[in-house]
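Asker: Kindly generate the corresponding structure for this input.
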Amino acid sequence: MAQQATSSQAVQGTKSVSRAISLLRAVARYDENGAHLSALARNVGLHVVTARRLLSVLLAEGLVSFDPQKKLYKMGIALYHMGSAAKQFDIREKLRSTLEKIADETEDTVFLFVRRGTDAVCIDRIEGRFPIRTLLVDVGMSRPLGIGASGLALIAFLPHDQFEEAFSASVKHHRSSYNFDPQKILALARKSQKKGYVVSESFFWQGVTAVSVPVFDAQGGVIAAISVSAISSRMKHNRQRVVAELLKKHQRIS
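Answerer: This next block holds a predicted model:
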């Protein structure tokens with residue numbers, strides 16, 4: 001009997017997932033103007049009560065959004081982040097030769113980060129020829145947005161309201177597991193915005209200095225961050241500016 005009950009639950013779970021995906025697709029079809037609950041339920045052949053229950057879950061996960069005044073459902077911001085994560089392979093391929101060129105010229109380690117939710121994820125790393133290397137992050141590793149030069153570059157150059165939202169979300173999710181001072185990071189962000197690049201000079205990791213810039217797409221949106229990292233004795237102020245200018249030459253891709 002227990003086995004039958006477990007099997008029945010698995011079937012129901014599969015049906016719920018399938019129905020939720022169908023609702024997402026329906027929301028996507030109506031996304032330009034939004035859709036009412038009744039239209040979505042009718043579109044996928046669900047009872048309004050069932051559709052409302054599934055949409056409430058999708059809403060809680062950020063996969064759909066809801067306008068309480070107009071009673072309309074649209075696509076959620078989480079889907080944008082998921083789509084951005086899927087694009088990381090294309091970004092890595094486009095920037096691979098650029099990273100190699102920067103590593104060759106600076107002789108230091110070059111990192112490529114993209115945003116995934118409240119995290120900054122390393123999707124590529126090229127080691128320079130200099131014998132002392134700062135390999136703080138492996139490809140595939142993540143850290144909170146705002147932490148590290150690249151993690152800050154990914155959000156510091158967003159429009160002000162988007163920066164505030166992204167940084168607040170990162171603090172909320174990660175403050176308990178990362179010992180960082182939000183006010184100090186905000187101050188560094190403001191300084192970086194004026195200069196056009198981020199310099200983390202023993203700010204997050206003692207003895208390590210990193211310079212980072214955001215990478216923009218054709219529409220001016222931040223899609224990645226490139227950073228060069230070295231031991232601090234090798235990255236004095238004059239060299240920080242030289243590295244920053246080099247990075248700026250490569251911060252736009254089509």
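Asker: Okay, helices next: where are they in this protein?
Answerer: Here the chain has its helices, by DSSP state H, at 2-29, 37-44, 48-60, 77-86, 88-106, 148-156, 160-174, 182-195, 237-248.
Asker: In terms of pLDDT, where does residue 59 sit?
Answerer: pLDDT, residue 59: 90.
Asker: Can you tell me the closest non-neighbouring residue to it?
Answerer: residue 66 (5.6 Å; CB to CB, 6 or more residues apart in numbering). C-beta here means a position set from N, CA and C on the backbone, and glycine is covered the same way.
Asker: Okay, domains of the chain per the record?
Answerer: 2-75, 82-248 (automatic domain parsing).
Asker: Ranking helices and strands of this structure by mean pLDDT, which lands last?
Answerer: helix 77-86 (a mean of 66; mean pLDDT, DSSP states H and E).
Asker: Show the contacting residues for residue 202.
Answerer: Residue 202 is in contact with 208, 209, 232, counting by CB atoms under 8 Å, 6 or more residues apart in numbering.
Asker: show me the residues around the residue nearest to the second one when sequence neighbours are not counted that make contact.
Answerer: Taking CB to CB, 6+ apart, and ignoring the residues beside it in sequence, residue 209 has residue 235 as its nearest neighbour in space, at 3.9 Å. Residue 235 makes contact with 108, 201, 209, 210, 211, 243, according to CB under 8 Å, 6+ apart.
Asker: same deal with residue 251?
Answerer: With CB under 8 Å, 6+ apart, residue 251 has these contacts: 213, 214, 215, 216, 226.
Asker: Need the max-distance pair from those residues.
Answerer: Using CB to CB, the two most remote members of the contacts of residue 251 are 216 and 226, lying 11.3 Å apart.
Asker: Counting neighbours, what do you get for the closest residue to residue 145 other than its chain neighbours?
Answerer: Excluding the flanking residues, the one nearest residue 145 by CB to CB, 6+ apart is residue 170, at 4.2 Å. Counted with other CB atoms under 10 Å, the neighbours of residue 170 add up to 25.
Asker: which ones are touching residue 170?
Answerer: 118, 144, 145, 146, 147, 155.
Asker: Compute the number of surrounding residues for the fifth one.
Answerer: Look at residue 147: counted by other CB under 10 Å, it has 20 neighbours.
Asker: Let me know the pLDDT of it.
Answerer: Value listed for residue 147 in the pLDDT field: 85.
Asker: ok so, going back, what's the closest of the contacts of residue 170 to residue 248?
Answerer: Nearest member of these to residue 248, counting by CB to CB, is residue 155, at 18.1 Å.
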